[in-house]
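Asks: here is a sequence together with a model predicted from it:
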Amino acid sequence: MGVCAICGREAPTISKTLGLCCACLLNESEASKQRVAAVHGETRVSFNLPPAPCRSDGGITCTLCSNACTLLEGERGFCGLRIVRDGRLVHLAGTPRRGLVTWHRDPLPTNCVADWVCEGKNHQGSHNLAVYYESCTANCLYCQNWHYRKMTPEKRKGVSAKELASAATDQTFCVCFFGGDPTSQMPHALAAARSFARRGIRVCWDTNGTMHPKLLEHALELSLETGGCIKFDLKASDDALHTALTGISKQRTLENFVMAVRRSADRPDPPLVIASTLLVPGYVEAQQVGKIARFIASLDTTIPYTLLGFAPQFYMSDLPYTSVEHAAEAESAARAAGLQRVRIGNRNLIGWQQG
């Protein structure tokens with residue numbers, strides 16, 4: 001049972017780590033903002049990561065993502081992979097020569113956000129090469145792949161984009177770049193993606209969408225060319241809630257989503273852009289989903305939208321699983337907003353603790 005530090009309300013859907021209910025987060029009081037900043041700082045320092053994106057006057061700015069960290073000598077970027085040494089911005093990883101990444105072969109059809117609208121489901125016997133980048137530009141308190149934070153970038157053995165591309169076989173139908181998030185290592189991911197594309201392998205992305213727009217343009221071109229897609233994780237509609245859950249603003253994600261949707265007119269089928277939202281109990285419920293869906297529908301009502309069941313993880317391990325009622329209400333809200341293609345994913349997690 002969590003307790004909100006501001007209003008005192010108790011509920012199993014209030015995260016003990018965050019210590020704030022959704023209503024108080026949306027009120028955006030100075031007290032709630034300070035608590036959110038403190039929580040994210042504490043959860044990152046324990047992994048030797050900067051508590052927040054650096055904004056040092058006179059520093060060197062990294063432009064790979066929306067955090068735009070500005071660093072002085074010895075300071076490290078929010079993703080943990082950029083540092084200033086001897087007056088230069090050094091990339092510890094994420095270049096074509098060195099990426100921090102793992103991968104495995106996932107037999108098709110697979111559990112993918114886009115599996116219901118892409119052709120992979122029709123290629124049984126082939127596989128998806130699932131690529132996980134071990135860094136991120138956000139700080140999601142419910143991250144399911146947080147374990148990479150335990151490693152030290154300088155000590156972790158990296159692989160080149162060429163080595164990653166060599167993992168594909170004749171049975172590789174598609175490749176998807178996950179994470180963490182590929183955003184913080186986009187130069188490496190794009191170099192590998194070009195190699196996959198030359199072999200006729202579909203290139204897909206699953207991302208928080210915070211990369212520089214120029215990098216997104218390259219990613220979109222590769223997906224368009226190969227028949228792949230880009231899956232945007234739209235985590236919350238209200239920026240205060242988005243910041244509380246992820247540590248960063250939603251703004252770049254939405255701007256990039258709009259740009260990607262505009263490009264999707266170049267290839268309506270299979271769909272280029274897919275949206276997804278994790279149904280976090282107590283925080284991302286029907287009202288939030290409705291707002292997100294209205295934003296999507298204002299661009300294109302045919303964009304596929306997947307609602308994902310939540311499993312307790314990381315710093316939100318005390319929250320319950322998504323209930324059957326929660327999922328049903330969220331789906332209804334998305335359809336009421338005008339979206340034509342809505343699906344509940346991760347059904348195995350829905351109502352898992354309800355008997």
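Replies: Noted; the coordinates are in hand.

Asks: sort out which residues of the longest helix along the chain are buried, please.
Replies: If you go by DSSP state H, the chain has its longest helix at helix 30-45. Buried positions in helix 30-45, judged by neighbour count with 16 or more other CB atoms under 10 Å: 32, 35-36, 39-41, 43-44. Using the backbone N, CA and C atoms, a C-beta is placed for each residue, glycine as well.

Asks: what helices and strands are in contact with the helix or strand following it?
Replies: Sequence order places strand 60-61 as the next helix or strand after helix 30-45, per DSSP states H and E. Judged by 3 or more CB pairs under 8 Å, 6 or more residues apart in numbering; DSSP states H and E, strand 60-61 is in contact with strand 70-71.

Asks: contacting residues around the strand it packs on?
Replies: Strand 70-71 is contacted by residues 54-57, 59-62, 77, 82-84, 89 when judged by CB atoms under 8 Å, 6 or more residues apart in numbering.

Asks: out of these, who's nearest S264?
Replies: The closest of the contacts of strand 70-71 to S264 turns out to be C62 (CB to CB; 28.9 Å).

Asks: could you pull up the residues touching that closest one?
Replies: Here C62 is in contact with 68-71, 77, 82, 89 (CB under 8 Å, 6+ apart).

Asks: of those residues, which is the most crowded?
Replies: Counting neighbours by other CB atoms under 10 Å, G77 leads the contacts of C62 with 28 neighbours.

Asks: tell me the pLDDT at it?
Replies: Looking at G77, its pLDDT reads 97.

Asks: state the distance from it to M316.
Replies: Distance of G77 to M316, given as CB to CB, to the nearest Å: 25 Å.

Asks: for this structure, which spans come out with low pLDDT?
Replies: By pLDDT under 70, the weakly predicted segments of the chain are 353-355.

Asks: show me what contacts the most centrally placed residue in the chain?
Replies: Centroid check for the chain by CA atoms, centre = their mean gives N208 as the closest residue, at 3.3 Å. N208 sits next to 136-138, 181, 183, 232-233, 235, 246, 253 when contact means CB under 8 Å, 6+ apart.

Asks: can you check R35 too?
Replies: 5-6, 18-20.

Asks: distance-wise, check the residue at the greatest distance from the centre of the chain relative to E73.
Replies: Using CA atoms, centre = their mean, the residue of the chain lying farthest from its centre is D86. It sits 32.7 Å away. Taking CB to CB as the measure, D86 falls 8 Å from E73.

Asks: ok, L64 next?
Replies: Counting by CB to CB, the gap from L64 to E73 is 20 Å.

Asks: tell me how many other residues surround C229.
Replies: 30.

Asks: E255: which element?
Replies: Using DSSP H and E, E255 falls within helix 251-264.

Asks: now for the very next helix or strand once past that helix, which elements pack on it?
Replies: Using DSSP H and E, the helix or strand that follows helix 251-264 towards the C-terminus is strand 273-279. The helices and strands touching strand 273-279, judged by 3+ CB pairs under 8 Å, 6+ apart, are strand 230-233, helix 251-264, helix 286-299, strand 305-309, helix 324-336.

Asks: strand 273-279 vs helix 324-336, what angle?
Replies: Here the directions of strand 273-279 and helix 324-336 differ by 150 degrees (axes from the mean of the first three to the mean of the last three CA atoms, to 10 degrees).

Asks: what pairs with strand 273-279, parallel or antiparallel?
Replies: Strand 273-279 pairs in its sheet with strand 230-233 (parallel), strand 305-309 (parallel), by DSSP bridges.

Asks: just the residues contacting stretch 250-269, thanks.
Replies: 65-66, 208-211, 213, 216-217, 220, 224, 230, 232, 234-237, 239, 242-243, 271-273, 275, 295, 299-300, 302-303.

Asks: which ChimeraX command selects the buried ones in those residues?
Replies: The buried residues among those can be selected in ChimeraX (16+ other CB under 10 Å) with this line:
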select :65,66,208,209,210,211,216,220,224,230,232,234,235,236,237,242,243,271,272,273,275,295,299,300,303
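
Asks: so how far is stretch 189-200 off the chain centroid?
Replies: 21 Å (CA atoms, centre = their mean, to the nearest Å).

Asks: residues of it that come out buried?
Replies: Using 16+ other CB under 10 Å as the test for burial, stretch 189-200 gives 189-197.

Asks: of these, which pair is most distant in space?
Replies: A189 and A197 (12.1 Å).

Asks: which residues in the stretch 51-200 of the chain form helices?
Replies: Assigned helices in the stretch 51-200 of the chain, in chain order: 161-165, 186-198 (criterion: DSSP state H, counting those that start in this stretch).

Asks: tabulate those in JSON lines, adding columns for distance to L108.
Replies: Listed next are the helices of the stretch 51-200 of the chain as JSON lines, based on distance: least, CB to CB, whole Å:
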{"stretch": "helix 161-165", "distance to L108": "19"}
{"stretch": "helix 186-198", "distance to L108": "16"}
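
Asks: to H127, which of those helices lies closest?
Replies: That would be helix 186-198 among the helices of the stretch 51-200 of the chain, by CB to CB, at 13.1 Å.

Asks: tell me how far E217 lies from M211.
Replies: E217 is 10 Å from M211, by CB to CB.

Asks: revised request: answer the last question for R97.
Replies: Between R97 and M211 the computed distance is 19 Å (CB to CB).
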